[in-house]
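> need a structure here:
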Amino acid sequence: MLPHRPLRWLLPILLGLPGPATATATAATPAAPHRVFLAGDSTVAEYGPERAPRNGWGQRLQDFLDPAAYQVRNRAVGGRSSRSFVEEGRLQPIARELRRGDVLLVQFGHNDAKYEDPRRYADPARAYPQWLMRYVDLARARGATPILVTPVARRLFDHGALLDTHARYADAMRALAARERIALIDLDAGSTGWLRALGEEASRPYYAHVPARGVTDDTHLSVAGATMAACLVVRDWKALDPALAAHVVRDTDCGAPDSAREDRAAQARPSSVVHESDFARPQPGPHGGPGATTAYPLFADAQDLPFVLRKRVLHKGAGIGLHQHHKDEIYYVLSGRGRYVLDGQVHEVGPGHAMLTRAGSTHAIQQAGEDDLVLLLAYPAH
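Numbering: from 1, shown residues only. So this is what the prediction gives:
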């Protein structure tokens, strides 16, 4: 006969839940990290320094994730398709390790299209989705989360237009994900938009080109390209699972939509790159000293900028005398040294010092030593 205890003690046992003592111990034990398994081809796989500059995006994925929360286990192998990866027994080790709470990212498509190789070819209409479902069913059976990833785009331009080499496979994966309610990261779309926004020449360093060895590789990624592709994956993964954002340790503001070029063409006020010499304005010394200054009112003619950005050089003996501010202003010291007086306090400043003067404060600055004091100024336009 059980000793008499309150019902609240007995209910957890009947429901299979931890009792009070167990719950306390569980709360004190940190949760095991989620494991992220990658099944894919050479654009995902890992490479040693002997294959530099080639990198797979799976090689850079851990850089974006807190290892205490997510640990990446890259099982991708070059040259494999959704079919050959399974038939060679490469999915079995993942099956043995996969457990509840893990994530399985699956990217195939590059080699599935090799019609001339029956060991790898999978037609996009039927075989390709069927093979992909092998990965999905495995993950679901283990209590893990399957996420399909459309293949990263090749960098193939024809007269300035990016060619779509994955259309049938990317479309088949999208259709499968919608039909079977599988999470999807559309890396094909993300990387296509990014490549089109970069353009043919600017995108070259993101792929494994080695001019010294005569290597022109527009399929495999460099370190920079693999990092960008991993960023796109994590960016879209966060959209699928907002809770992931708390465990992402790098910025994922990357990529550009496929409409970026059209948006750029429609800009009423285009972006530009200029040189400061175009803006140089020699000036006599202001009210803080006899030395002369040179002002650089950068983008002074740009329409509707909400801020003003200026470079100002205080030559020997120059200074800006004490005055009160009616708006916020930031000074940043690029080079040289000076004495900065803020609300009656003197600060010796040099390269790297940043000074924020809020509306209502008073400040003054005086160049010191033999070298020019070079400042960058920013403040609201109105």
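
> mind checking which helix or strand the residue most central in space within the chain is in?
In the chain, the centroid-proximal residue (C-alpha atoms, centre = their mean) is Thr252; its distance is 3.1 Å. For Thr252, there is no enclosing helix or strand under DSSP states H and E.

> which one is it nearest to, not counting chain neighbours?
Arg235 (4.1 Å; C-beta to C-beta, 6 or more residues apart in numbering). Every C-beta, even on glycine, is put in place using the N, C-alpha and C of the backbone.

> measure Gly199 to Gly160 for me?
8 Å (C-beta to C-beta, to the nearest Å).

> do Ala127 as well
On the measure of C-beta to C-beta, Ala127 and Gly160 end up 35 Å apart.

> which of these two has more neighbours?
Ala127 (16 against 9; other C-beta atoms under 10 Å).

> ok, that one to Arg134 distance?
For Ala127, the distance to Arg134 - C-beta to C-beta - is 11 Å.

> what's the answer for Pro297, then?
Counting by C-beta to C-beta - Pro297 and Arg134 are separated by 63 Å.

> same thing with Val149?
Val149 is 16 Å from Arg134, by C-beta to C-beta.

> between these two, tell me which one has more neighbours.
The neighbour comparison of Val149 against Arg134 (other C-beta under 10 Å) goes to Val149, with 29 against 16.

> may I have the phi/psi pair for the closest residue to that one other than its chain neighbours?
What sits nearest to Val149 in space, not counting adjacent residues and going by C-beta to C-beta, 6+ apart, is Gln107, at 3.9 Å. Torsion angles at Gln107 (phi, psi; degrees, to the nearest 10) stand at phi -130, psi 110.

> give the contact list for Gln107.
38-41, 43-44, 76, 148-152, 187 (C-beta atoms under 8 Å, 6 or more residues apart in numbering).

> can you check Pro380 too?
Pro306, Phe307, Val308, Lys327, Asp328.

> how about Tyr135?
Ala39, Ser82, Leu91, Leu104, Val106, Pro146 are the contacts of Tyr135 under C-beta under 8 Å, 6+ apart.

> surely the last one meets Ile185?
Read that as Pro146. No: here Pro146 does not reach Ile185: they are 11.3 Å apart, not a contact under C-beta atoms under 8 Å.

> which of the two has more neighbours?
Between Pro146 and Ile185, counted using other C-beta under 10 Å, the more crowded position is Pro146 (26 against 23).

> the more buried one and Leu138, how far apart?
Taking C-beta to C-beta, one finds Pro146 at 8 Å from Leu138.

> residues shared between the contacts of the two?
Leu104.

> burial measure for the residue nearest to Tyr206 when sequence neighbours are not counted, as a count.
Residue nearest to Tyr206 in three dimensions, not counting chain neighbours: Gly225, with 3.4 Å by C-beta to C-beta, 6+ apart. By other C-beta under 10 Å, the residues close to Gly225 number 28.

> before we move on, what about Glu262?
10.

> just checking, what packs against the strand or helix carrying it?
If you go by DSSP H and E, Glu262 is part of helix 260-265. With contacts taken as 3 or more C-beta pairs under 8 Å, 6 or more residues apart in numbering; DSSP states H and E, helix 260-265 sits against helix 187-198.

> for the helix it packs on, what is the average pLDDT?
Mean pLDDT, computed over helix 187-198, is 95.

> how about the contacts made by Pro33?
Pro67, Ala68, Ala69, Tyr70, Gln71.

> can you tell me which of the residues you listed are in strands?
Secondary structure defined by DSSP state E assigns Tyr70, Gln71 of the contacts of Pro33 to strands.

> correct me if wrong: Val234 contacts Val249.
No: in this structure Val234 lies outside contact range of Val249 using C-beta under 8 Å: 10.0 Å.

> mutual contacts of the two, please.
Phe64, Leu65.

> rewinding a little: doesn't the residue nearest to Tyr206 fall inside a strand?
No: counting by DSSP: H, G, I helix; E, B strand; the rest coil, one finds Gly225 to be helix, located in no strand.
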